[in-house]
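Enquirer: pasting the sequence and the predicted coordinates here, then a few questions.
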Amino acid sequence: MKPFQIVMEPLARIEQELKKCVKCGACRAHCPVFSVMGREPVSARGKIALARAALAGSIGLDSRTRSDMSKCLLCGRCVEKCANDVPTDLIVLAAREAVARKRGLTSFHKVVGLLLRNRGLMGKGALLASLLKPLLFRRVPAASGLRLRFPLPFVGGKRSVPALAAKPFLDRHPEIINGMPGRPRILFFVGCMTNFIYPEIGEAAVAVLKSLGCSLIIPEDQQCCGFPALSGGDTTTFLQLAEKNLAALERHRPDHVMTACASCGGAFHRMYPRLLAGRRPDLAERYRAFSDRFVDAAVLLEQLGFAPGGVRDRRNGRVAYHDPCHLRSRSITREPRALIAASPAVEFVEMKGADSCCGLGGTFNLYHYATSMEINAAKISAIRDAGVDTVATGCPGCMLQLADGLHRSGERVRVRHTLEILASTLNAR
Amino acid sequence: MLERSVIRKLREIVGNEHVTQEKQDLVCYSYDATQMEFLPDAVVFPADALQVSAILHLANSERIPVFPRGAGSGFSGGSLPKGGGIVLVTTRMNRILRIDTDNLIAVVEPGVVTGDLQDAVERLGLFYPPDPASLRFSTIGGNVAECAGGPRAVKYGVTKDFVLGLEVVLPIGDIITTGGGIYKGVVGYDLTKLMCGSEGTLGIITRVTLRLLPLPETRRTMLAIFDSIDGAAGAVAGIIRGRIIPTTLEFLDHSALKCVEGEFSLGIPASARAVLLIELDGERELVDRQAARIDALVSPFGLIEFRAAADAAEAEELWMARRLVSPALRKVNPDKINEDIVVPRNRVPDIIRRIDEIRERYGVPIINFGHAGDGNIHVNIMIDRARTGESEKAEEAVREIFRAVLELGGTMSGEHGVGLSKQPYVTMELTREQLGAMTAIKRALDPNNILNPGKIFPTE
């Protein structure tokens, strides 16, 4: 048994934030998980009450508390809507960390932590991919666009996921691609999803930045952003990854650090400053040198004056845009729409509830797959009602979830990253 | 503590997964928006009136207190299980059963969120006007039990003005209906009105029949800035004397303006002492005509500035000052005592002045805003409970405010109810005879005092 103070330290750190909740109940109107499950412990107000009770020692950090804290997508909607600015996302992360300190990480997050910390497995990834592929995947009809099925014990054998990339993105390009002199030097933070599952997003990023004459830096020692570890309460792994990522940035001193994954961007914008400040002031200081250089791909492209090229990719057709939570919560909603709408041969339409969560929530969907897909169902029916050929978004996580939902409901709608749509307008080089 | 046999029977009534005694659940059903906390012994989630009836029947024969609860967003502690017992949550009963476009009636279960009902009827071109600030998360059942109001009350009235009928489970377990889907009816006592605002002490509402209106064609929003509270009050009187009843007449007094302007810089002139937010709704031609007249009607009253919104986006901008009051309040002090007094419309300036005196005398920040059109003012006493003596000082200030309100012919609560939070003051307003009549009704319907006991009435 660990001493109470050590276990509770993550919650004790944010005690003042816990006190800011006045229990008005407004969060009940905005939580996607609450809208499906309907019980108070699921609401932000409920989770904060539980975190307070745990800190006061009146409830235990038992499996029930672990389960309550797992029922959060970290979508940030409650935080945006809270009149008192209560950071429920950070409170949930702190509670998960406290539970992990008390009871150990879940077996799933032990594996995640192991993979993410191990440079040999994660940095290049080819080894990991070739090892896991025959073990974990089997074929489903190729026509769906989801080529493989993933029957892990954590997943229950229902979820469809795309194949791992034959060759991870980071293995495909040199570390530095020089552009025209005087043009910005852009470090591309790739992220695990793009590296292993959707390398085509990375290829699209390379194509559009090249078309602007920018220099590209793709550090081969970049790590996972750390969000998956953090969301399982594994702050130790998160801090290790953060340190390595900051070292990669420092080595190259780029003008911008571009993310094409909303969640990686969310980690850099919200989690790094908040988490590092209390635990690793040295890293917080090093982060500050870059804090205003992190930028989402769509925002950066607009700043750099990207104009879609003349290639008319008819496959895009009628396109709607889904707002990833970790872009919406940073008010990045206009830029991707403007870029997509300006693309030739694209008929852009706004769909209903474009800014509602797709239900993925990182590891949330592994623990609560049925709820995740119930949240997703509203999104799928909005896509259907919009009658589109393509749904675009700025987060590979959302892409995975949207593709799964569309596959399950038999919809033939393509899911593409904003960058893929933009790249499809450029002349092949 | 509940006996095992009671829990077993509750499980038989509602099913295993709808009864809980896990500590995490007890914690999460121990509070409401008052921030008071009382742990229940069990929480049950019945699915229909028959289950509610069986639960109350059991509780009545075993003498176990039952506390009905909707979203738990009340401001008076009405749903809190003080003293322990069973919290009965109505949110599983959340179906809209019928929207009758011929008779302009909606029949709903109590757990329906008010805003969801509004959306559903508005899709059919109909309108359910009551709009408490919590409408996006509070339930119809809770709105009826507390008789919720809202800004539109000026023109349309409060929740009880829209309730035509109820299905109610009485504390002894009997299921009755009151009123129904008809607009008139004088056979027997009006139990519908009795239940409205009864704060869950006389019965548990399991079905509500509501009156609807046609959805107004258009809405127009205006903001008028005055150099004195008397000016704003004069303008309110002027508008009504001009035979216009706006949908809403919200005001911010100088204390609220200072608070919002200090925090958010909305460009409200420094000489402003009161702001009126005026909204009209109805047919376009009528609203246009009325809007033009309102400008003229308010200008003699020390008007500094008049702004009219051209579209919905501009209307939202005008509402900004009002919406930002609550977030701005928190910057003043962490803890809020939130009262919702009412005085006759023309006594608003008097009560504002009395509150100014009380603020000076006690040295606590008090910020006023609310519904000028019906004299319902939200008085927010901002304190820091961590500082010694502050809670006591605030309580004394509250008592003085209530005294002033009653002298001016008002009431201490227009929308929130008595519950637990106004219980200590209730004898200031209600006479022994009034309380006697009310407790006689309570005793007749709840002979064993098992339904929401310990609320409203003064404790001996």
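Expert: Noted; the coordinates are in hand. Numbering: from 1, shown residues only, chains lettered A, B, ... in the order given.

Enquirer: please make it C-alpha for all contacts and neighbour counts, starting now.
Expert: Noted.

Enquirer: tell me where the stretch 351-460 of chain B has helices.
Expert: B:390-407, B:426-429, B:432-445 (DSSP state H, counting those that start in this stretch).

Enquirer: what about stretch B:428-439, distance to the chain center?
Expert: Relative to the chain's own centre, stretch B:428-439 is displaced by 22 Å; criterion: Cα atoms, centre = their mean, to the nearest Å.

Enquirer: so what touches it?
Expert: For stretch B:428-439, the external contacting residues (Cα atoms under 8 Å, 6 or more residues apart in numbering or on different chains) are B:403, B:406, B:411-412, B:457.

Enquirer: include neighbour count, distance to chain A and pLDDT when you put those residues into a markdown table, please.
Expert: Output for those, formatted as a markdown table (neighbours: other Cα atoms under 10 Å in any protein chain shown; distance: Cα to the nearest Cα, whole Å; pLDDT from 0 to 100):
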| residue | neighbour count | distance to chain A | pLDDT |
| --- | --- | --- | --- |
| B:R403 | 17 | 28 | 98 |
| B:L406 | 17 | 28 | 98 |
| B:T411 | 20 | 24 | 98 |
| B:M412 | 28 | 21 | 97 |
| B:F457 | 21 | 25 | 96 |
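
Enquirer: relative to A:N84, how far out is the residue of the stretch 251-400 of chain B found nearest chain A?
Expert: Residue nearest to chain A within the stretch 251-400 of chain B: B:P327 (5.3 Å; Cα to the nearest Cα). Distance, B:P327 to A:N84, using Cα to Cα, to the nearest Å: 6 Å.

Enquirer: ok, those two, which is more surrounded?
Expert: Set B:P327 next to A:N84 and count neighbours by other Cα atoms under 10 Å in any protein chain shown: A:N84 wins out with 20 against 16.

Enquirer: contact partners for the residue most central in space within chain A?
Expert: Nearest to the mean C-alpha position of chain A, counting by Cα atoms, centre = their mean, stands A:S263 at 2.7 Å. By Cα under 8 Å, 6+ apart, the contact list for A:S263 reads A:227, A:326-327, A:395, A:397.

Enquirer: nearest to B:I175, out of those residues: which one, please.
Expert: Distance to B:I175 across the contacts of A:S263 (Cα to Cα) is lowest for A:H326, with 49.1 Å.

Enquirer: the closest one touches A:F268, doesn't it?
Expert: No. With contact defined as Cα atoms under 8 Å, A:H326 does not count as touching A:F268 (10.8 Å).

Enquirer: what about A:C75, neighbour count?
Expert: 25.

Enquirer: which helix or which strand is home to it?
Expert: A:C75 belongs to no helix or strand when assigned by DSSP states H and E.

Enquirer: could you check how far it is from chain B?
Expert: 19 Å (Cα to the nearest Cα, to the nearest Å).

Enquirer: for that residue, which non-adjacent residue is closest in space?
Expert: A:C325 (5.3 Å; Cα to Cα, 6 or more residues apart in numbering or on different chains).

Enquirer: circling back: now, the contacts of A:S263 that are in helices?
Expert: Among the contacts of A:S263, DSSP state H puts A:227, A:326-327, A:397 in helices.

Enquirer: in a markdown table: these, plus pLDDT.
Expert: Below are the ones in helices among the contacts of A:S263 laid out as a markdown table (pLDDT from 0 to 100):
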| residue | pLDDT |
| --- | --- |
| A:F227 | 95 |
| A:H326 | 97 |
| A:L327 | 98 |
| A:G397 | 94 |
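
Enquirer: so what pLDDT did the closest residue to chain A within the stretch 101-250 of chain B get?
Expert: In the stretch 101-250 of chain B, the residue that lies nearest chain A is B:F137 (5.1 Å; Cα to the nearest Cα). On pLDDT, B:F137 comes in at 97.

Enquirer: returning to that earlier point: residue contacts, the residue nearest to A:C75?
Expert: Here A:C325 is in contact with A:75-77, A:262, A:355-357 (Cα under 8 Å, 6+ apart).

Enquirer: and which of those is nearest A:R416?
Expert: Checking those one by one against A:R416 (Cα to Cα), the nearest turns out to be A:A262, at 14.0 Å.

Enquirer: and the ones in helices among the contacts of A:S263, which two are the farthest apart?
Expert: So, these by Cα to Cα: farthest apart are A:F227 and A:L327, at 14.9 Å.

Enquirer: other residues contacting the helix or strand hosting B:D288?
Expert: With elements taken from DSSP H and E, the one containing B:D288 is helix B:284-298. With contact meaning Cα under 8 Å, 6+ apart, helix B:284-298 is reached by B:217-220, B:224, B:234-236, B:238-239, B:242, B:244, B:280-281, B:306.

Enquirer: between those, which has the most around it?
Expert: Ranking those using other Cα under 10 Å puts B:V236 first, with 29 neighbours.

Enquirer: show me what contacts that residue?
Expert: B:249, B:298, B:372-373.

Enquirer: now the residues you listed: which count as buried?
Expert: B:249, B:298, B:372-373 (16 or more other Cα atoms under 10 Å in any protein chain shown).

Enquirer: ok, so of the residues you listed, who is nearest B:G84?
Expert: B:A372 (39.4 Å).

Enquirer: please name the residues that touch that closest one.
Expert: By Cα under 8 Å, 6+ apart, the neighbours of B:A372 are B:233, B:236, B:249-251, B:276, B:345, B:348.

Enquirer: and what of B:S73?
Expert: Contacts of B:S73 (Cα under 8 Å, 6+ apart): A:23-25, B:32-33, B:134, B:137-138.

Enquirer: show me the contacts for the residue in chain B positioned nearest to chain A.
Expert: Chain B approaches chain A most closely through B:A33 (4.5 Å), counting by Cα to the nearest Cα. By Cα under 8 Å, 6+ apart, B:A33 lies in contact with A:22-25, B:72-77.

Enquirer: please tell me how far the closest residue to chain B within the stretch 1-150 of chain A sits from B:A71.
Expert: Closest residue of the stretch 1-150 of chain A to chain B, Cα to the nearest Cα: A:C24 (4.5 Å). From A:C24 across to B:A71, the span is 10 Å (Cα to Cα).
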